[in-house]
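Undergrad: what's the 3D shape of this:
(chains A and B)
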Number of protein chains: 2
Amino acid sequence: MFFNTRNVNLGDHQKIIDVMPNWWGGRDLTSGLSKIYFIHFQNSSFVTLNDGNIIGFLIGFMSQSIKNQAYIQLAGVDPNFRKQGVAKMLYNEFYEICKKSSISTVTSCTSPVNELSIKFHQSMGFEILKGDCIENGYEITSNYLGEGNHKVLFKKDI
Amino acid sequence: MFFNTRNVNLGDHQKIIDVMPNWWGGRDLTSGLSKIYFIHFQNSSFVTLNDGNIIGFLIGFMSQSIKNQAYIQLAGVDPNFRKQGVAKMLYNEFYEICKKSSISTVTSCTSPVNELSIKFHQSMGFEILKGDCIENGYEITSNYLGEGNHKVLFKKDI
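TA: Reported below is the predicted structural model:
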């Protein structure tokens, strides 16, 4: 099968919003996917296409205030196309653009309940940062994205 | 009265979330204020303090993919401290940091119903960009921030 990865464009936003609940098994994470990313962070955000359809995406940017660090806001792969290297391709594209801007560390975070995402990050070589308590067996950082919004924090040197 | 403007820090996020509904006359715009901005865009985001309390804020960043352009995500002033130059001070801080990065254009957008915000932007020297239809007497760009999320677009050369 031939997959093609390219930078996002404005039109990709709604297409991704439409498939997200299905890709996340019913959970609605669309509020985390502001169109702002598709306007102002196109050069570090990617989609993978198969036959013209989006089967994967990675939305990320380079931190403006933390030196040499980039952040992945959200990434996902169509359940029908998992275990075929799509995520790896997307992450590698992101690492490449980051390296060109002297980024040495990529960070991300996920909810403590999202075991699939935690395992995925570990398989991609991300380490879990020490938090301030343990939940679901993982180090978590309380209130990282707001009051009550605890997260598992990931970091990978590229 | 003495006002002090400084870059945002992590702790400012919740304080701003808490006052926002009151500052916006009951409208809840807190979903537009991700803590991500307070983590990764500290150097282009500011708060104004009076007696240790936040009385104004401006959250913005430099576009990563649109050359020489910056974007203001959200700005607000405590209703008790309006018409005292707080917004002007915040915008000027933002312009200064932008100019240091060779930014020549600042953009922003607002809902067509938010007359106060539209008038404010005009008073600050922002022009309204030509849209694809007229609503409430203003040029608006349909679906700018997502399906059904129409916006009045602003631009100012600095």
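Undergrad: Give the buried residues for the top helix by length along chain A.
TA: Counting residues, the longest helix found in chain A (DSSP state H) is helix A:86-100. For helix A:86-100, the neighbour count (16 or more other C-beta atoms under 10 Å in any protein chain shown) marks A:86, A:87, A:89, A:90, A:91, A:93, A:94, A:97, A:98 as buried. Where you see a C-beta, it was placed from the backbone N, CA and C, and this is true even at glycine.
Undergrad: For residue A:33, which non-adjacent residue is closest in space?
TA: Spatially, and ignoring its direct neighbours in sequence, residue A:33 is nearest to residue A:74 (5.8 Å; C-beta to C-beta, 6 or more residues apart in numbering or on different chains).
Undergrad: ok, now how distant is the one you found from residue A:38?
TA: Look at residue A:74 and residue A:38: by C-beta to C-beta, to the nearest Å, they are 12 Å apart.
Undergrad: any common contacting residues for the two?
TA: Between them, residue A:74 and residue A:38 share these contacting residues under C-beta atoms under 8 Å, 6 or more residues apart in numbering or on different chains: residue A:59.
Undergrad: from the buried residues of helix A:86-100, which is closest to chain B?
TA: Distance to chain B across these (C-beta to the nearest C-beta) is lowest for residue A:97, with 9.8 Å.
Undergrad: so what pLDDT did the closest one get?
TA: Per-residue pLDDT puts residue A:97 at 97.
Undergrad: again, but for residue A:26
TA: 88.
Undergrad: so how far is chain B from it?
TA: Distance of residue A:26 to chain B, given as C-beta to the nearest C-beta, to the nearest Å: 20 Å.
Undergrad: can you check residue A:54 too?
TA: Applying C-beta to the nearest C-beta, the value for residue A:54 to chain B is 16 Å.
Undergrad: I'd guessed that residue sits against residue A:20; true?
TA: No - counting by C-beta atoms under 8 Å, residue A:54 stays clear of residue A:20, with 10.6 Å between them.
Undergrad: more crowded one of residue A:74 and residue A:38?
TA: residue A:38 (24 against 19; other C-beta atoms under 10 Å in any protein chain shown).
Undergrad: Wait, a strand at the more buried one?
TA: No - counting by DSSP: H, G, I helix; E, B strand; the rest coil, residue A:38 is not found in a strand; it is helix.
Undergrad: so which helix or strand takes in the residue nearest to it when sequence neighbours are not counted?
TA: Closest residue in space to residue A:38, ignoring its immediate chain neighbours: residue A:13 at 4.5 Å, by C-beta to C-beta, 6+ apart. For residue A:13, the host element (DSSP states H and E) is helix A:12-23.
Undergrad: tell me how far that helix is from the chain's mean position?
TA: Here the centre of helix A:12-23 is set off from its chain's centre by 14 Å, with C-alpha atoms, centre = their mean, to the nearest Å.
Undergrad: buried stuff in that helix?
TA: So, applying 16+ other C-beta under 10 Å, buried residues of helix A:12-23: A:12, A:13, A:16, A:17, A:19, A:20, A:23.
Undergrad: how close does the second one get to residue B:149?
TA: What that stands for is residue A:13. Computed as C-beta to C-beta, the residue A:13 to residue B:149 distance reads 10 Å.
Undergrad: now do the first one
TA: Spatial separation of residue A:12 from residue B:149 under the definition C-beta to C-beta is 16 Å.
Undergrad: Next: residue A:129.
TA: The gap separating residue A:129 from residue B:149 is 34 Å, by C-beta to C-beta.
Undergrad: So for the two, which residue has more residues nearby?
TA: Taking neighbours as other C-beta under 10 Å, residue A:129 and residue B:149 compare with residue A:129 leading, 16 against 13.
Undergrad: Quick check: which ranges of chain A have low pLDDT?
TA: Along chain A, segments meeting pLDDT under 70 span A:1.
Undergrad: Residues of it that sit close to chain B?
TA: Contacts of chain A with chain B, taken as C-beta under 8 Å from any C-beta of the partner chain, map to A:13-14, A:17, A:31-32, A:34-36, A:39-44, A:61-66, A:69, A:71, A:73, A:143-147, A:149.
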